[in-house]
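Q: no FASTA, just this:
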C-alpha cells in the first residue's frame with residue numbers, strides 16, 4: 001500500500017481521545033507549543049515526518065505509538081506487526097523511543113477514573129496553591145501544566161507520588177515500578193559479583209542511619225568488603241530521606257571507621273551515592289587533545305575527603321556528580337551514573353581491572369553524555385583512601 005495512503009487510513013480511524021494520547025506520547029519530540037495547532041492525526045503524522053520520526057523506510061515510532069494506545073488492529077492491518085513482535089522489539093535495549101517516564105504517565109492517565117480525576121485536581125490545588133487547575137482539564141493537560149511549573153519531571157516525582165498514594169495505591173505502584181530501574185541494575189550487578197544483596201526502599205533519614213548502625217554492629221570477620229548504595233535526592237554534602245529530612249554523607253560513612261566497626265578494619269568500605277549535590281547545571285567546554293585515550297587517573301580533592309569520608313584508610317565514595325550540581329536520569333535505562341557504573345563493572349571486572357580504573361571509565365562515559373535541553377553535563381566524583389588495588393573477581 002502507498003505510504004501516504006497507509007497514513008491516511010490509520011489517521012481516519014483514530015478518535016480525538018486517541019489523538020490526545022498520541023500527542024502526549026510524542027511530547028519528547030514535538031514540544032507542547034508546537035502541538036497546539038495539531039487538530040487531527042494527519043497533522044501529527046506530518047509533524048513527525050518533519051522531525052524525521054516517521055518515514056516510509058522507518059515506521060518504528062508509529063508502531064510504538066499504536067502499540068502504546070492499544071490500537072493493535074491498526075498495527076496489524078496496516079503495519080503488519082503483531083503484539084508479540086512489538087513486545088519482543090521493545091524489550092531489546094535501545095529500541096524503545098517513547099521514554100518509560102512518558103509511558104508511565106500515560107498508563108496512570110489510562111487507569112484514573114472520572115471521580116479520581118476530580119480528586120487529583122483537588123489535591124493538586126491544595127498541594128500547590130499557584131497551580132491553577134481548570135474543570136475541563138484532562139490528566140494530560142494537568143501533567144503538562146505540572147511540567148511547565150517544574151513540579152513534575154523524570155527526576156521530580158514526589159508530588160505526583162503523594163497525590164497518587166492518596167487517590168489509589170495501584171497508581172503509586174506504576175511510579176515505583178518506573179523508579180526501580182537503577183535499583184534493579186545495581187542488585188543484578190553486585191549479585192553477579194558475589195555480594196549478598198539487601199534492599200531498603202523509601203527510607204526516612206532516620207531509618208537510613210538506623211540501617212547503617214545495624215550493619216555497623218554486625219560481625220563482618222568472614223566478609224571481604226562492604227558496599228552501600230544510596231539512591232535518593234540530595235544537596236551539597238547531604239542526601240534526603242523519604243521524609244525530606246537531611247542525612248549528612250560524612251555521618252553515614254563514619255559508621256564504619258575502624259573504631260566504630262572493628263570487624264571491617266583494613267577492609268574496603270565503599271559507598272556509591274546517586275543524588276544531586278545542588279541545583280546548578282554543569283557546563284561543558286570544548287577541548288583539544290592529541291590523543292584519543294582516556295585519562296588513566298583519578299584526582300582527589302583533599303577537602304572533599306574531609307567533608308565526605310573519615311580520615312582513615314580503606315574508604316571509597318563514588319558520588320554521581322560534583323558539588324552544587326544536578327545529576328541526570330536516562331528515561332530509557334535509569335540514572336546516567338548508576339547505569340554507567342553497572343555497565344563498566346560488568347564489562348571490566350571479568351578483565352581483572354581494579355575499581356579505580358573502572359571509575360575512571362565511568363567518569364569518561366558519564367561526562368560524554370549531554371542534557372541538550374539545559375546544555376548540561378555531569379561529572380561523577382570519586383573520593384578514596386584505598387591503600388591497595390581493589391578487584392572484584394567473578395569466580
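A: Arrived safely, thanks for sending. If you're wondering where the values come from, they're calculated on a predicted model, not measured in any experiment.
Q: Residue 227 reaches residue 191, doesn't it?
A: No. With contact taken as CB atoms under 8 Å, residue 227 and residue 191 are classed as non-touching, separated by 11.7 Å. Where you see a C-beta, it was placed from the backbone N, CA and C, and this is true even at glycine.
Q: quick one, which of these two is more surrounded?
A: Remark: of residue 227 and residue 191, residue 227 carries more neighbours, 17 against 11, as counted by other CB atoms under 10 Å.
Q: element containing that one?
A: Assigned by DSSP states H and E, residue 227 falls within strand 226-231.
Q: Which helix runs longest in the protein?
A: Looking across the chain with DSSP state H, the single longest helix is helix 169-192.
Q: Buried residues, that one. List them.
A: Buried residues in helix 169-192, counted by 16 or more other CB atoms under 10 Å: 171-172, 174-175, 178-179, 181-183, 185-187, 189-190.
Q: again with stretch 46-56
A: For stretch 46-56, by 16+ other CB under 10 Å, it's 47-48, 53-54.
Q: can you tell me which residues contact residue 25?
A: By CB atoms under 8 Å, 6 or more residues apart in numbering, the residues touching residue 25 are 65, 68-69, 98, 102-103, 106.
Q: Grab the nearest non-local neighbour of residue 251.
A: Nearest residue to residue 251, sequence neighbours excluded (CB to CB, 6 or more residues apart in numbering): residue 209, at 7.2 Å.
Q: Please apply the same query to residue 160.
A: residue 152 (5.8 Å).
Q: quick revisit: is the residue nearest to residue 251 located within a strand, as I assumed?
A: No. The assignment for residue 209, made by DSSP: H, G, I helix; E, B strand; the rest coil, is helix rather than a strand.
Q: Now list the buried members of the contacts of residue 25.
A: By neighbour count, with 16+ other CB under 10 Å, the contacts of residue 25 hold 65, 68-69, 98, 102-103, 106 as buried.
Q: now, the most widely separated pair of these?
A: 69 and 102 (12.4 Å; CB to CB).
Q: Flag the shaky bits of the stretch 251-395 of the chain, pLDDT-wise.
A: 276-311, 321-334, 369-379, 395 (pLDDT under 70).
Q: Can you name the next helix or strand after the helix or strand harbouring residue 360?
A: Element membership for residue 360, per DSSP H and E: helix 355-367. Next along the chain after helix 355-367, taking DSSP H and E as the criterion, comes strand 381-384.
Q: Direction included, what does that next one pair against?
A: strand 315-319 (antiparallel) (DSSP bridges).
Q: Report the spatially nearest residue to residue 186, omitting neighbours in sequence.
A: Leaving aside its sequence neighbours, residue 186 is closest to residue 229 (5.3 Å, by CB to CB, 6+ apart).
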